[in-house]
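# Got a predicted structure here, sequence first:
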Amino acid sequence: MTMDVEIRLQRLVQLAQHQKDVATSINVTERLRLVGELMQHWGEQRRQLGLEASLGSQMGTIMEWKGAAPRTGSSGARILMAGAGLDHAAAEVDAAVAELGRGDERAATLAKLAELRYFHQITIREQIRLVGLAEGADRTYRNWIKALHLRVFAQLAARAGRVRQQTVRRVTMRLVCNIDAT
């Protein structure tokens, strides 16, 4: 992925977070378009990187290459030098789709549709068949995609909300000087 695309996607995430704060003034069509772009990015990231979220140990690299690994980037095993795993935007969408998958039957079907459409990129006819819709239900399929985008947007908004930015601890902290009083 080029740097321009990465910067554009980061700006899209920032824009989506800003628009969540002023959700009453956002056009629904624009909201769906932004979520669609984020989900396409999520699918690209998942296809390229999988679900890997960590780097191998240095000792594993030493054992694999019987010494220092080559740094030329030529053919052979690709060694990740600077980070691995999904970027922040793709990780948030991945978490939102996973949350959908843990929901009721309709939400689980929407999560399956997201995987089929954006990750596996199979044809619309195959998606319709695997999800269990009627054969010629193009309009129904479009409604399901719209519902998917709205549910993912709601999950992203909930994950980026003000509550998310607070600490987990909801009780007051005691000062160390008052520790003997307890």
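Everything's here; your move.

# hey, which helix or strand in the chain has the poorest pLDDT?
Lowest by mean pLDDT, DSSP states H and E among the helices and strands of the chain is helix 58-65, with a mean of 69.

# Would you confirm that Lys146 contacts Leu32?
Yes. The criterion here is CB atoms under 8 Å, and Lys146 meets it with Leu32 at 6.4 Å. For every residue, glycine as well, the C-beta is placed using N, CA and C.

# Neighbour count: the two, which is higher?
Leu32 (17 against 14; other CB atoms under 10 Å).

# Would you mark the buried spots in the helix or strand hosting the more buried one?
If you go by DSSP states H and E, Leu32 is part of helix 28-49. Buried residues in helix 28-49, counting neighbours by 16 or more other CB atoms under 10 Å, are found at 31-32, 34-36, 38-39, 41-46.

# what's the answer for stretch 135-144, then?
Neighbour counts over stretch 135-144 (16+ other CB under 10 Å) mark 141, 144 as buried.

# With only the CA atoms kept, save it in PDB.
Taking Å, rounded to 0.1, in the frame of the first residue of the first chain, the C-alpha atoms of stretch 135-144 are listed here in PDB:
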ATOM      1  CA  GLU A 135     -31.900 -16.400  -6.100                       C
ATOM      2  CA  GLY A 136     -32.900 -13.200  -7.800                       C
ATOM      3  CA  ALA A 137     -33.200 -11.000  -4.800                       C
ATOM      4  CA  ASP A 138     -30.900  -8.200  -5.900                       C
ATOM      5  CA  ARG A 139     -32.900  -5.500  -4.100                       C
ATOM      6  CA  THR A 140     -32.900  -7.600  -0.900                       C
ATOM      7  CA  TYR A 141     -29.200  -8.100  -1.200                       C
ATOM      8  CA  ARG A 142     -28.700  -4.300  -1.500                       C
ATOM      9  CA  ASN A 143     -30.900  -3.800   1.600                       C
ATOM     10  CA  TRP A 144     -28.700  -6.300   3.500                       C
END
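
# what sits up against that stretch?
109-110, 113, 124, 127-129, 131, 133-134 (CB atoms under 8 Å, 6 or more residues apart in numbering).

# among those residues, which ones are buried?
Using 16+ other CB under 10 Å as the burial test, the contacts of stretch 135-144 include 109-110, 113, 127-128, 131, 133 as buried.

# for the chain, what spans make up the helices?
Applying DSSP state H to the chain gives helices spanning 3-21, 28-49, 58-65, 88-101, 105-114, 124-131, 138-159.
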